[in-house]
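In: return a 3D structure for these sequence lines:
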Amino acid sequence: MKRNVKSSVWGAIWFLALTAADQAAKLAAASCLKGRESLKLIPGVFELYYLENRGAAFGIMRGKQLLLAVIALLVILYSAFAYTRIPQGKRYLPLKVICVVIAAGSLGNVIDRLTRSYVIDFLYFSLIDFPVFNLADCYVSVGVAFMVILLFTYYRDESFEFLNPFQKQG
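Out: Residues are numbered from 1 along each chain as shown. Prediction:
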């Protein structure tokens, strides 16, 4: 199997596995937490709390599910485009992982938006009263955070010439 085909197969497997884990966690949260008191895993610090989020992060853009779904689908498409253009090798492996993680998080939440008209959130840090979130949110947030760190510490501008859609792939 060609190296880039093998890489794409592994990327697709991880993408589907992460998306499935997010959806399974949300179904478990709905089944075990909906209509019940929160489950305090670390009292005063962290709990499982069922919430139906009809907006985006921190509840912004409430009721704009279709727009949020379109944005998420664009993120998924761009992540797939970037993944297929990222050169092989250890130097670029972190970028491939980030593309997969961000795309899986985007798909996890878009599935909720299109099937339920809301996103199931269930992870809550009560110590700092942080907004309730889910695995898909973690994927996107951690992926973006690592991308920013890598952009400032590891990669240079010329490291991203492969993203030029007009550049011929070699």
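In: contacts and neighbour counts: CA atoms only from here.
Out: Fine.
In: what residues of the host helix or strand of residue 27 count as buried?
Out: Element membership for residue 27 (DSSP states H and E) is helix 3-33. Across helix 3-33, burial judged by 16 or more other C-alpha atoms under 10 Å covers 7-8, 11, 14-16, 18-19, 22-23, 25-26, 29-30, 33.
In: can you list contacts of whichever helix or strand comes after that helix?
Out: Moving toward the C-terminus from helix 3-33, the next helix or strand (DSSP H and E) is strand 39-42. Strand 39-42 is contacted by residues 33, 46-49 when judged by C-alpha atoms under 8 Å, 6 or more residues apart in numbering.
In: so which of the residues you listed are in strands?
Out: For those, the ones inside strands are 46-49, with DSSP state E as the criterion.
In: adding neighbour count as columns, could you present those residues in CSV?
Out: Listed next are the ones in strands among the contacts of strand 39-42 as CSV, based on neighbours: other C-alpha atoms under 10 Å:
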residue, neighbour count
46, 19
47, 19
48, 23
49, 24
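In: from those residues, which two are the most distant?
Out: By the measure C-alpha to C-alpha, 46 and 49 form the most distant pair in these, at 9.4 Å.
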